[in-house]
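> Everything below, folded, please.
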Amino acid sequence: MKLVKFSLCCLLAFILSDYSLAAKKTYGSVTVSEVSSIYDGDTFTVSIKDWPPVAGERISVRVWGIDTPEMRGKCEHEKRLA
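Take a look at the predicted model:
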């Protein structure tokens, strides 16, 4: 019985510590030096200052959580709105 209680406590501690670490994750920050093009309302192309060209030039960005009409939409009305 003690082993079961100990195992449950360890599991709970692991889950809570993993959750608190996940909540603190950060992905840093970058400085966009140029917006090259805007495709539609939620997709654009940028260059990132101080990054190597292979990783920082003309990077396509799609904004998460924003849904706008698509250029490749299924109906003409959506394409015109995009």
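> contacts and neighbour counts: CA atoms only from here.
OK.
> So which bits of the longest strand seen in the chain are buried?
Here the longest strand in the chain is taken by residue count, with DSSP state E as the criterion, and it is strand 32-40. Buried residues in strand 32-40, defined by neighbour count with 16 or more other C-alpha atoms under 10 Å: D40.
> Sheet partners, orientation included, of it?
As defined by DSSP bridges, the strand partners of strand 32-40 come to strand 43-48 (antiparallel).
> now what about the strand it pairs with, what contacts it?
In this structure, residues lying in contact with strand 43-48 by C-alpha atoms under 8 Å, 6 or more residues apart in numbering are 30-39, 56-63.
> Please repeat the previous calculation with a cut-off of 6 Å.
Strand 43-48 is contacted by residues 31-38, 56-62 when judged by C-alpha atoms under 6 Å, 6 or more residues apart in numbering.
> low pLDDT regions in the chain?
1-25, 27, 82 (pLDDT under 70).
> What segments of it are helices?
Assigned helices in the chain, in chain order: 2-23, 53-56, 76-81 (criterion: DSSP state H).
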